[in-house]
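>>> for reference, the sequence and a predicted model appear below.
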Number of protein chains: 2
Amino acid sequence: MFDPVEAVREFIRHPSISTDSRAEAGMRGAREHISGLLAGMGLAVETVPTAKHPIVLARREGPAEWPHVLIYGHYDVQPADPLELWSTPPFDPVVQDGRLFGRGAADNKGPMMVHIAAAARLLEAQPDLPLRLTFLIEGEEEIGSPSFATFLSKQAHRLKGDFVLLSDTMSPSTEQLAITTGLRGIICLDVVVEGPRSDLHSGIFGGAVANPATVLARLCATLHNADGQVNVPGFYDGVTSPEAWERAELAHLDESEAAMAARLGVPSLPLHPGYTALEATRFWPTLEINGMGGGYQGEGSKTIIPSRAFAKISCRLVAGQDPKAVEAAVIATLKDRCPPTVRLHIEPGHSGPPYRVVPPDRSDTPADQSPVLARAFRAADDAVRAAFGNAPLYLREGGSVPIIGDLQRVLGMDSIMLGMFTPEDNLHAPNESFDLGMFAKGIDVSEAILRAVAKA
Amino acid sequence: MFDPVEAVREFIRHPSISTDSRAEAGMRGAREHISGLLAGMGLAVETVPTAKHPIVLARREGPAEWPHVLIYGHYDVQPADPLELWSTPPFDPVVQDGRLFGRGAADNKGPMMVHIAAAARLLEAQPDLPLRLTFLIEGEEEIGSPSFATFLSKQAHRLKGDFVLLSDTMSPSTEQLAITTGLRGIICLDVVVEGPRSDLHSGIFGGAVANPATVLARLCATLHNADGQVNVPGFYDGVTSPEAWERAELAHLDESEAAMAARLGVPSLPLHPGYTALEATRFWPTLEINGMGGGYQGEGSKTIIPSRAFAKISCRLVAGQDPKAVEAAVIATLKDRCPPTVRLHIEPGHSGPPYRVVPPDRSDTPADQSPVLARAFRAADDAVRAAFGNAPLYLREGGSVPIIGDLQRVLGMDSIMLGMFTPEDNLHAPNESFDLGMFAKGIDVSEAILRAVAKA
């Protein structure tokens, strides 16, 4: 079979920057490279066009009674700028001290290759393995996967399998692998308060006219209580407390609030009733102002009443919350609280559902789980212990990967997310790298999962 | 004597844009033009250097028992851009339909020339007029008069007179002159809320860390009550209600709240308890957010917790309020209400005192007023009736002219402000113009005032 490290290096040489319209050759090169590897493993490879960047779909078919694993990855990467901060060329990968440096090394070309290499090795050893595989490698992850929902609805019947296997989440370190058991959902809103049709002189009109910046600040201020709780009726509907095992797993990531505050450079952390700071980022839904503006932005002062002001708001949602219901609740609340002296415009942006899975033998209230998924989880646990010398942590994360929730919602498929990158890897930043020891151990774990699943 | 209209035209030809460092020749040309006119009238002209643009000081000396009038004007103008919106060249003045078009025609070259021409005509007719005159023509009005306070403190003994005569305020129309009897004071504050040392991923950290934009919005929201009153302890200290005559005068500017709302393009006007909308802009102090910002400003969404957020706040103050006390109160209130989870920085900006004068025969509680000022006010009233066919309106304005308050505070001098420009004149905008009928009538009024004052 192919050399996995060389395969990642060659993959990185194609600058597949999905947001950059000048990177078409890099996108195509990356697709062709990955398609070639998958075809070389005997899979049937298709390039499925979308509105923007094609999806690579590679299938190992088989009888319906064979288990079916959907392996997800993305071949697109973040832009490399600022280039001057890179110590090595971002698209000319270099190995130093056991790490592979280059844009996409950790997000997602290296972690994706874990599963391709595992499958290649396993299929080479057992060409008649009773396992169906579908590789779904998209090219729009870094731009929000705009084509994914349409693709999913069209291809649902071909993608439906026992579970999803992927590596696009984080582990605490190269010594401690995490399996991600939850992701927060998200909704985004653009809120604009419009007042007078142009900026007004604050001397001539101040006192007579509602100031859109003031109205916006007052509206935003109503969205939380003093204890940090979101003050929107219905916002917490469906939220359930984390289970004891989830708190216990997270407690392994030990950082005091004082240490976290010092690391982030803030004087202290706010209240998050019922949660530690770390728990609040994983188990608690939020409403955040991501940006706001209005009126004069320059040096010194310009004494105007701004014509308009805006806030960009997003909410992170936890398992049990319905994004559409929360979106409607926030919009209705803002409209209800807006005074009649301005015009309020609210534009919903992208959204994604929260996601949660319960590994077998964990929950107090075990869910009805597919036996194939349970076998895969148990195999993952065993293989991680063997490769890393300790058990994986089962952690909910605070971020959002909408496609994972979509796959659960649309196809009823849960995911096994092996955290392959670590905080050292500089994702989305200069000098991105991927630990080759992690890479090798990941291939072992992935191979063990696939082998265990195939033992039908 | 010189032709007043030609004198203004020549004045406009010098592009004296004080904020533009490339306009040095225009500034010098305007100074020299005005100095030449004043010298031609027999006045002793000095060009007093300041840190930035020199002040033209022209004096007609005389015995101490002669009344002494300080006439104020400014020779600098606003920039002319956007140039493409001008119908005639901004610095090549044109007369059309009885109006003189050009940058500075109304602000302040035409209105200033009213008083120069009046003095010239009067001195030509009565060369031995028993009147001391000091013309103080500054070049930094459009950039906030940064050198004025220093100049005032150094030259106080030479500037001290019976009152100030000027035209740099508005009248409702060319048919109805207003004499400005009040100006609001001002304080400005730059408020910055600092949180984490860099923007944070809202998925990874949302819930654990205080969001500076949210904190800023909550702080700003505390600054008003629901009825629009400023919610800062001590803010209203010293504020007195307007007198009946002040309300009665203002009531002549008849505009319904619905009409004002429609003119400004807002759905409705907010509460301003105890005041009409128009009264609120003249008699009521305000606290306004002139600008605010923080976090992501672009299209779509970027799910961050911003590292910082800012608000630019200014207050307009009415007679009786002390700018320094209000500034201290707002700063103390913000500090007191700021949570310990962020760092708060507040930088005071420029400020100026409020101003109010009571013309003779108006107040229920007449103040101790200089007989020369009272004579000037009565002469102005008579002359306006003669020139315009109706009495002047005595109006407080909502804007701020800090030097007028400074002259009152430092030298104890009140001002007679004849409103020479009107809403039609497009101040600070393309196609600025000045009505030549207003100009001629203004010269008559100014001459009458000076003549009456000189009759000692």
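Alright, I've got the coordinates.
>>> need the residues of the stretch 351-456 of chain A near chain B, please.
For the stretch 351-456 of chain A, the contact set with chain B under Cβ under 8 Å from any Cβ of the partner chain comprises A:397, A:398, A:399, A:400. Quick note: C-beta positions are derived from backbone N, CA and C, even for glycine.
>>> between these, which is nearest chain B?
Relative to chain B, the closest of those is residue A:399; by Cβ to the nearest Cβ it sits at 3.2 Å.
>>> quick one, helices of the stretch 51-200 of chain A?
Assigned by DSSP state H, counting those that start in this stretch, the helices in the stretch 51-200 of chain A fall at A:110-125, A:148-159.
>>> which of the ones you listed sits most buried?
helix A:110-125 (a mean of 24; mean count of other Cβ atoms under 10 Å in any protein chain shown).
>>> residue with max distance from the center of chain A?
residue A:204 (49.9 Å; Cα atoms, centre = their mean).
>>> skipping adjacent residues, who's closest to that one in space?
Residue nearest to residue A:204 in three dimensions, not counting chain neighbours: residue B:398, with 5.3 Å by Cβ to Cβ, 6 or more residues apart in numbering or on different chains.
>>> which residues touch the one you found?
Going by Cβ atoms under 8 Å, 6 or more residues apart in numbering or on different chains, residue B:398 touches A:203, A:204, A:205, A:206, A:207, B:184, B:281, B:282, B:316.
>>> give me the phi and psi angles of the closest residue to residue A:89 other than its chain neighbours.
Once flanking residues are discounted, residue A:89 sits nearest to residue A:102: 7.9 Å by Cβ to Cβ, 6+ apart. Torsion angles at residue A:102 (phi, psi; degrees, to the nearest 10) stand at phi 160, psi 160.
>>> show me which residues of the stretch 101-250 of chain A sit near chain B.
A:184, A:186, A:188, A:190, A:195-198, A:200-211, A:213-214, A:216-218, A:220-224.
>>> turn the buried ones among the residues you listed into a named PyMOL selection, would you?
The PyMOL selection below is limited to those of these classed as buried (16 or more other Cβ atoms under 10 Å in any protein chain shown):
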select buried, chain A and resi 184+186+188+190+195+196+200+202+203+204+205+206+207+208+209+210+211+213+214+216+217+218+220+221+222+223+224
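>>> restricted to strands, list the residues of the stretch 101-250 of chain A next to chain B.
Among those, the members found in strands (DSSP state E) are A:186, A:188, A:190, A:200, A:201.
>>> what are the bridge partners for the fourth one, then?
It stands for residue A:200. Under DSSP bridges, the beta-bridge partners of residue A:200 are residue A:305.
>>> again with the first one
Per DSSP bridges, the residues bridged to residue A:186 are residue A:316, residue A:352.
>>> just the helices in the stretch 201-350 of chain A please.
Under DSSP H, counting those that start in this stretch, the stretch 201-350 of chain A gives helices at A:202-205, A:212-221, A:244-250, A:257-264, A:277-283, A:323-337.
>>> quick one: average confidence on the second one?
Per-region confidence: helix A:212-221 scores 98 on mean pLDDT.
>>> please save the CA atoms from it in CSV.
Below are the C-alpha coordinates for helix A:212-221, written out as CSV (Å, rounded to 0.1, in the frame of the first residue of the first chain):
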residue,chain,number,x,y,z
PRO,A,212,-30.3,53.6,17.2
ALA,A,213,-27.1,52.7,19.0
THR,A,214,-28.7,53.3,22.3
VAL,A,215,-31.8,51.3,21.3
LEU,A,216,-29.5,48.4,20.1
ALA,A,217,-27.5,48.5,23.3
ARG,A,218,-30.7,48.4,25.4
LEU,A,219,-32.1,45.5,23.3
CYS,A,220,-28.9,43.5,23.6
ALA,A,221,-28.8,44.2,27.3
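>>> distance between it and the chain's centre?
On the basis of Cα atoms, centre = their mean, to the nearest Å, helix A:212-221 sits 31 Å off its chain's mean C-alpha point.
>>> what's in contact with it?
For helix A:212-221, the external contacting residues (Cβ under 8 Å, 6+ apart) are A:191, A:193-195, A:289, A:292, A:294-295, A:305-311, A:313, A:334, A:337-339, A:341-342, A:344, B:213-214, B:216-218, B:220-224, B:288-292, B:311.
>>> what mean pLDDT does stretch A:114-132 get?
Stretch A:114-132 comes out at a mean pLDDT of 97.
>>> give the contact list for the residue found closest to residue A:272 once you drop the neighbours it is linked to in the chain.
Nearest residue to residue A:272, sequence neighbours excluded (Cβ to Cβ, 6+ apart): residue A:280, at 3.7 Å. Contact partners of residue A:280, counting by Cβ under 8 Å, 6+ apart, are A:272, B:207, B:208.
>>> just the pLDDT for the residue farthest from the centre of chain A.
Residue A:204 carries a pLDDT score of 91 in this model.
>>> please apply the same query to residue A:364.
pLDDT at residue A:364 comes out at 67.
>>> and residue A:284, how many neighbours does it have?
24 (other Cβ atoms under 10 Å in any protein chain shown).
>>> and it, how far is that from chain B?
Here the criterion is Cβ to the nearest Cβ, to the nearest Å. By it, residue A:284 lies 5 Å from chain B.
>>> how about that residue, what does it touch?
Contacts of residue A:284 (Cβ under 8 Å, 6+ apart): A:272, A:275, A:318, B:207.
>>> with pLDDT and distance to residue A:446 added, can I get those in JSON lines?
Shown next, in JSON lines, are those (pLDDT from 0 to 100; distance: Cβ to Cβ, whole Å):
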{"residue": "A:272", "pLDDT": "93", "distance to residue A:446": "36"}
{"residue": "A:275", "pLDDT": "96", "distance to residue A:446": "33"}
{"residue": "A:318", "pLDDT": "97", "distance to residue A:446": "28"}
{"residue": "B:207", "pLDDT": "95", "distance to residue A:446": "32"}
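>>> chain center to stretch A:285-305: distance?
The answer for stretch A:285-305 is 29 Å, by Cα atoms, centre = their mean.
>>> try stretch A:224-234
The answer for stretch A:224-234 is 26 Å, by Cα atoms, centre = their mean.
>>> do stretch A:24-33 as well
Offset of stretch A:24-33 from its chain centre (Cα atoms, centre = their mean): 23 Å.
>>> buried residues in it?
Buried residues in stretch A:24-33, counted by 16+ other Cβ under 10 Å: A:26, A:27, A:28, A:29, A:30, A:31, A:33.
>>> and the helix or strand hosting the last one with helix A:110-125, angle?
Residue A:33 belongs to helix A:24-40 when assigned by DSSP states H and E. Helix A:24-40 and helix A:110-125 are oriented at 20 degrees to each other (axes from the mean of the first three to the mean of the last three Cα atoms, to 10 degrees).
>>> can you tell me the average pLDDT over helix A:24-40?
Mean predicted confidence for helix A:24-40 is 98.
>>> how about stretch A:291-304?
For stretch A:291-304, mean pLDDT is 91.
>>> does any bit of it sit next to chain B?
Yes: contact of stretch A:291-304 with chain B is found when judged by Cβ under 8 Å from any Cβ, involving A:291, A:292, A:293, A:294, A:295, A:296, A:297, A:300, A:301, A:302, A:303, A:304.
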